[in-house]
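> A predicted structure for the sequence below; I have some questions about it.
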Amino acid sequence: MIPFSWKKGVLWIVFILFLSGGLGYTQEGAEQAISVIQSITVEEAIRHLRGDSRKDKLLAIEVLQASGSADKEVIDALVSCLFEGTLFKKRIAAKTVNDFWEVRMKSAETLGNIGDPRALPGLHRALRYELDYIVKTSIAIAIGKVGEPESIPHLARTIELYMHSSSEVMVVGACVDALGEIRHRDAYYTFYKVYRDCCESGLRLAAKKALAKLE
């Protein structure tokens, strides 16, 4: 078996060629990238999620997503990545060097695609403490894809906190949509409150549509 470091190097070369070579590399580059991802084992990917490299982590997440595995070890590894760069930020010359927001975002997306309720405690905690609105939006979408009623209080709390913030419209919209995916009557009051009180017409319309799904 090819060592992971070699596979990783080949994949990043393919991506560079794909990005810099134009349409001529599109088909070939995509096929090579898929081939390399498929040759890396789930165990190798999980091991490299524990490393310090942002590129390693992103590649490992792609491998786990492509594998379709829903093993507990995979879910636990992805949940741990929801908090990468948030607890202990390293700074060089006053600049953050390990705020791996892409890692957190891709981890949330992959957990949503897996759809296993075992990921919910981690997703709920990440929804509460994540500061990046793009990542927070991805987390809310993932929670909606899992689709369990136990997520309703967590989504409702986030909506309550940010419903009147113009900078968090995307987050609130994702939470409203997630509640709509869950389709449980315990979300009725939250939908009604958004429809009644929110100043964003798009959010009010989303809440109205979600209310209609409950009837």
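The structure has been received and is ready for your questions. In this text the structure is predicted, and so the values were computed from the model without any measurement.
> for the residue lying closest to Ser107 once chain neighbours are set aside, give me the pLDDT.
Nearest residue to Ser107 in three dimensions, chain neighbours excluded: Cys81, at 3.9 Å (C-beta to C-beta, 6 or more residues apart in numbering). Backbone N, C-alpha and C define where each C-beta goes, glycine included. Per-residue confidence (pLDDT) for Cys81: 93.
> same check on the one 4 residues further on?
According to the per-residue confidence, Gly85 scores 76 in pLDDT.
> in a helix, it, correct?
No: with the criterion set as DSSP: H, G, I helix; E, B strand; the rest coil, the secondary structure at Gly85 is coil rather than a helix.
> which residue is nearest the middle of this structure?
A centroid search over the chain (C-alpha atoms, centre = their mean) returns Ala108, at 2.3 Å, as the residue closest to the centre.
> name the SS class of it, please.
The three-state label given to Ala108 by three-state DSSP is helix.
> quick check: it touching Thr137?
No: taking C-beta atoms under 8 Å as the definition, Ala108 is not a contact partner of Thr137, at 9.0 Å.
> let me see the contact set for the residue nearest to the centre of the chain.
Listed by C-beta atoms under 8 Å, 6 or more residues apart in numbering, the contact partners of Ala108 are Leu82, Leu123, Ala126, Val135, Ser138, Ile139, Ile141, Ala142.
> how about a cut-off of 10 Å?
Contacts here follow C-beta atoms under 10 Å, 6 or more residues apart in numbering; on that basis Ala108 touches 78-79, 81-82, 119, 122-123, 126-127, 130, 135-143, 145.
> by mean pLDDT, flag the weakest helix or strand of this protein.
Between all helices and strands in the chain, the lowest mean by mean pLDDT, DSSP states H and E belongs to helix 4-20, at a mean of 48.
> for the protein, which segments count as helices?
When assigned using DSSP state H, the helices of the chain occupy the ranges 4-20, 26-39, 42-49, 54-67, 72-81, 101-114, 120-129, 133-146, 152-162, 169-182, 188-197, 201-214.
> which of the ones you listed comes out lowest on mean pLDDT?
Between the helices of the chain, the lowest average pLDDT goes to helix 4-20, which shows a mean of 48.
> would you confirm that Ile75 contacts Arg118?
Yes: the pair Ile75 / Arg118 is scored as a contact, 5.3 Å apart, by C-beta atoms under 10 Å.
> what sits in contact with each of the two?
Leu111.
> which of these two has more neighbours?
The neighbour comparison of Ile75 against Arg118 (other C-beta atoms under 10 Å) goes to Ile75, with 20 against 14.
> next up, the contacts around the more buried one.
Here Ile75 is in contact with Leu64, Ser69, Thr110, Leu111, Ile114, Asp116, Pro117, Arg118, Ala119, Gly122 (criterion: C-beta under 10 Å, 6+ apart).
> since that was my last question, I'll sign off now.
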